[in-house]
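Q: got a structure for you, letters missing:
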């Protein structure tokens, strides 16, 4: 008998059988002899224990009179049903129970002595308010639907958790107020109904122990293990976030409850129809395992590992069941699959396809260490859970597709967040107006009246450096081959070796001249076709073999040539580009706070960027020309910071490279149009195309009347055409000089005429390179105005 009562309750609970005893008293007065005699005999036994009628507060009375109480309750607990019904006497919502049926006793015995029976997910708050609602319903006649479905979770003898639904019968209980009870008005009741979570309010209207609960209730349990397990599975599978999905242990326990197999394990794989492969879903890698792909992340469906065994699963889309793996190995030609399963001590298994609209989405794996635990009969239980698995996998695939599309957009396209809204709007128009009988014509994405900003930080003399490293590698390789040939014995292929030496020396001499376009390919082809076959067939001594081995180990795997110097140059270029691009991207996040604007960046032999700002890009925000000035100041300061980053980085580079910086100023507003064929924005209109021409040619331009480039290392060159632009940038420069970011000296000059473009001028100023990035505090246009005023 369990007798643990909740300490905090609106009831003073007294167990009484007075309603049944009153029924016996009526029967005793009847004319039916056998019924009358039986009732009189029961009443005779009750006379000595008046508490059975007046009320029991000492539970030892129940314990000491179990036989008599069983007789009193005999009509409610028929002996013929004791092994079928799961029933006991209780007080609703309390953990007090006795007079169990034999089936109930067996369930509790199997659960073990340490098991404590309590209602699932039922706390003290719910207990108190449910009892108050019982009073409102029975005493005040309020129609309140307060009973949710209650469950007991009780393990069986194998440790499998079973779920029993609780049904209460309160026909033999009476609820009466005591002198401590509070009389309630309808307004009080309405206030309570509107404030379920206010426990203090409920306690003020129903103080603890202020009501009398006299009598007893009956609890009947219904084995709802399968239904409850499926509900739990559904709840877990419908969780939107992979981090909140239940662990593999929880999922397995749910399946164990459904299949009643203690050692059942669950696995899962996704089917990729595009590549015809089974893959482990990485999203759930920590939650769900796979027994088919225990080591591999993916495997081809036509792999010999599966063989013809999976014909039912792939083609007929039916479960593949192995009730005895050892017998399967003996009778099936696909021994590889059997061996794979036995290595994991799998003796029986079911692999069930998950199908939606006739398409295979994935495979559910159920395995057991015992032969025939899983078979074609109990495999039919999967029909209960497959609909939920189907929805989950379909949702996983859809979610993955959306994420892949998002990654493609983020990593491989040029749709910047600032203009994304317009693409989204046009896509929504397409979706809402899509008509199967009429082709939808997409509107062009155009942003009018925007101001452009262009800047670049370029590797100085990158082509010359690249050619120089190519020549060094080729010279080193030719010299190494000549040293190997010089070590060959004089009587070994003498004439051929001498000819090859002459040809190699001639090629090396050619490298003292400027590198021609085809020189590298010519030398590479000669070495591969003429020299390498000769080296591989002329190993006269151990020393020759060692030298040749060292030579071939020095070759680059991809090119088959020496690549040491070029690798230093390429690595240095990559480090510079990556570092400077990261600085620009980081600073761009700050710049977007000035005013939303379009931004794109390119890595070439350096880093270039385009900015476009204007009201059409952010139509919901008022635009002022001050935002353009602020962005221009931001751009200049950001290039200063990038110059500083390079200066600090230069000493650690594997190949020393310098950079030059340039800004192109263009004050006229223009339009940009998204080119559907090239999937990028471009300047729109013939007149505006002049801006693009200048961008492409300006960095190679010279100072007018000289052979000197307009760009120079550690300096920023600002190219403009109007006096107003000159005055604006001189203010910025003066301010940054005041902040010790730029040096005092300013160079001003005219730019040589470009094809179709003339009248350009430039300002050039050097960045102070003995300050740290921490000193390069972000400055706004308002700071500049405040300083100048």
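A: Yep, it's here. None of the values given here were measured: they were computed from a predicted structure.
Q: confirm residue 657 sits in a strand?
A: No - under DSSP: H, G, I helix; E, B strand; the rest coil, residue 657 sits outside any strand and is assigned coil.
Q: please enumerate the helices of the stretch 501-650 of the chain.
A: Assignment of helices within the stretch 501-650 of the chain using DSSP state H, counting those that start in this stretch yields the ranges 519-526, 532-536, 542-553, 564-591, 625-650.
Q: would you list those in JSON lines and tack on mean neighbour count?
A: Backbone N, C-alpha and C define where each C-beta goes, glycine included. Converted to JSON lines, the helices of the stretch 501-650 of the chain look like this (neighbours: other C-beta atoms under 10 Å):
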{"stretch": "helix 519-526", "mean neighbour count": "15"}
{"stretch": "helix 532-536", "mean neighbour count": "14"}
{"stretch": "helix 542-553", "mean neighbour count": "13"}
{"stretch": "helix 564-591", "mean neighbour count": "17"}
{"stretch": "helix 625-650", "mean neighbour count": "20"}
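Q: of these, which is nearest residue 58?
A: helix 564-591 (74.0 Å; C-beta to C-beta).
Q: and of the helices of the stretch 501-650 of the chain, who's closest to residue 216?
A: Residue 216 sits nearest to helix 564-591 of all the helices of the stretch 501-650 of the chain, at 69.7 Å, using C-beta to C-beta.
Q: mean confidence score for that closest one?
A: On average, the pLDDT along helix 564-591 is 91.
Q: now do it against helix 625-650, angle only.
A: Put simply, helix 564-591 runs at 150 degrees to helix 625-650, going by axes from the mean of the first three to the mean of the last three C-alpha atoms, to 10 degrees.
Q: from the chain's centre, how far out does helix 564-591 sit?
A: 29 Å (C-alpha atoms, centre = their mean, to the nearest Å).
Q: where does the stretch 651-789 of the chain dip in pLDDT?
A: Along the stretch 651-789 of the chain, the model assigns pLDDT under 70 to residues 676-680, 685-688, 771-789.
Q: can you pull out the strands in it?
A: Assigned by DSSP state E, counting those that start in this stretch, the stretch 651-789 of the chain shows strands spanning 659-665, 670-675, 680-684, 715-720, 742-750, 761-767.
Q: for the stretch 1-150 of the chain, what spans make up the strands?
A: Ranges of strands in the stretch 1-150 of the chain, per DSSP E, counting those that start in this stretch, are 2-4, 11-15, 87-90, 95-98, 150-155.
Q: would you list these in CSV and tack on distance to residue 474?
A: Output for the strands of the stretch 1-150 of the chain, formatted as CSV (distance: least, C-beta to C-beta, whole Å):
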stretch, distance to residue 474
strand 2-4, 90
strand 11-15, 97
strand 87-90, 94
strand 95-98, 88
strand 150-155, 77
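Q: adding mean neighbour count, write those out as CSV.
A: Listed next are those as CSV, based on neighbours: other C-beta under 10 Å:
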stretch, mean neighbour count
strand 2-4, 14
strand 11-15, 22
strand 87-90, 23
strand 95-98, 20
strand 150-155, 18
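Q: hmm, back to that, now the helices of the stretch 501-650 of the chain as JSON lines including distance to residue 50?
A: Output for these, formatted as JSON lines (distance: least, C-beta to C-beta, whole Å):
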{"stretch": "helix 519-526", "distance to residue 50": "113"}
{"stretch": "helix 532-536", "distance to residue 50": "113"}
{"stretch": "helix 542-553", "distance to residue 50": "104"}
{"stretch": "helix 564-591", "distance to residue 50": "83"}
{"stretch": "helix 625-650", "distance to residue 50": "92"}
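Q: which one of those lies closest to residue 97?
A: Proximity to residue 97 (C-beta to C-beta) singles out helix 564-591 among the helices of the stretch 501-650 of the chain, at 63.9 Å.
Q: and the strand ranked longest in the chain, what's buried?
A: Taking DSSP state E as the criterion, the chain has its longest strand at strand 446-459. By 16 or more other C-beta atoms under 10 Å, the buried positions in strand 446-459 come out as 447, 450-459.
Q: could the residues you listed go into a markdown table alongside pLDDT and distance to residue 316?
A: Output for the buried residues of strand 446-459, formatted as a markdown table (pLDDT from 0 to 100; distance: C-beta to C-beta, whole Å):
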| residue | pLDDT | distance to residue 316 |
| --- | --- | --- |
| 447 | 88 | 56 |
| 450 | 91 | 60 |
| 451 | 94 | 65 |
| 452 | 93 | 62 |
| 453 | 94 | 63 |
| 454 | 94 | 62 |
| 455 | 94 | 63 |
| 456 | 93 | 62 |
| 457 | 93 | 63 |
| 458 | 91 | 63 |
| 459 | 90 | 62 |
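Q: out of those, who's nearest residue 169?
A: When the buried residues of strand 446-459 are compared against residue 169 (criterion: C-beta to C-beta), the nearest one is residue 447, at 73.3 Å.
Q: residue contacts, the closest one?
A: By C-beta atoms under 8 Å, 6 or more residues apart in numbering, the contact set of residue 447 is 419, 422, 598, 612, 614, 616-617, 671-672.
Q: for residue 192, helix, strand, or coil?
A: Going by three-state DSSP: residue 192 is helix.
Q: nope, residue 171 is what I meant
A: Three-state assignment for residue 171 (three-state DSSP): coil.
Q: report pLDDT for it.
A: For residue 171, the pLDDT comes out at 90.
Q: got the phi/psi numbers for it?
A: Phi and psi for residue 171, reported as degrees, to the nearest 10, are phi -70, psi -20.
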